[in-house]
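*Asks:* quick one: sequence and predicted model below, then my questions.
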Amino acid sequence: MRFVVAALLAAAGILSPLAAHAESADVEATITSVDTNALSLSLDDGKKYQAPEEFNFEGLQPGVKVVVFYTEVDGKRVIDDLEIVQ
């Protein structure tokens, strides 16, 4: 029984870092460039954000201030939601 518990704890310890790679966050910044072909936005924080295929780029252009809600997956910031700041 101790062996089974030890094995489960070891497996949990090994697999737990995998869940940490997909963290949600948000940033408020100004758009510096929009690339509809590559489905991406660049912000004045110096980062590039990848949009999903069904993303609506209407009203997004350089100079527009936005709040971007994103998840970091494999080093890429993938947009979950976006709000234009008035």
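*Replies:* That came in fine, so what should we check first?
*Asks:* quick one: contacts for Ser42?
*Replies:* Ile31, Thr32, Ser33, Val34, Asp35, Lys48, Tyr49 (CB atoms under 8 Å, 6 or more residues apart in numbering). C-beta: built from backbone N, CA, C; applies to glycine.
*Asks:* and the last one, what are its bridge partners?
*Replies:* This means Tyr49. When assigned by DSSP bridges, Tyr49 has beta-bridge partners Leu41, Arg77.
*Asks:* so what's the residue count around it?
*Replies:* By other CB atoms under 10 Å, 21 other residues sit near Tyr49.
*Asks:* any quick ChimeraX command for the buried ones out of the contacts of Ser42?
*Replies:* Entered in ChimeraX, the line below selects the buried ones among the contacts of Ser42, by 16 or more other CB atoms under 10 Å:
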select :31,34,49
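*Asks:* Gly63: which of the contacts of Ser42 is nearest?
*Replies:* Gly63 has its nearest neighbour among the contacts of Ser42 in Ile31, at 6.7 Å by CB to CB.
*Asks:* what strand or helix carries the most centrally placed residue in the chain?
*Replies:* By CA atoms, centre = their mean, the chain has its centre lying nearest to Thr71, at 2.6 Å. Element membership for Thr71 (DSSP states H and E) is strand 65-73.
*Asks:* show residues contacting that strand.
*Replies:* Contacts for strand 65-73 (CB under 8 Å, 6+ apart): 21-31, 41, 43, 49, 60, 77-85.
*Asks:* ok, now with 6 Å
*Replies:* For strand 65-73, contacts defined as CB atoms under 6 Å, 6 or more residues apart in numbering pick out 22-24, 26-28, 30, 49, 77-85.
*Asks:* could you point out the longest strand in this protein?
*Replies:* strand 23-35 (DSSP state E).
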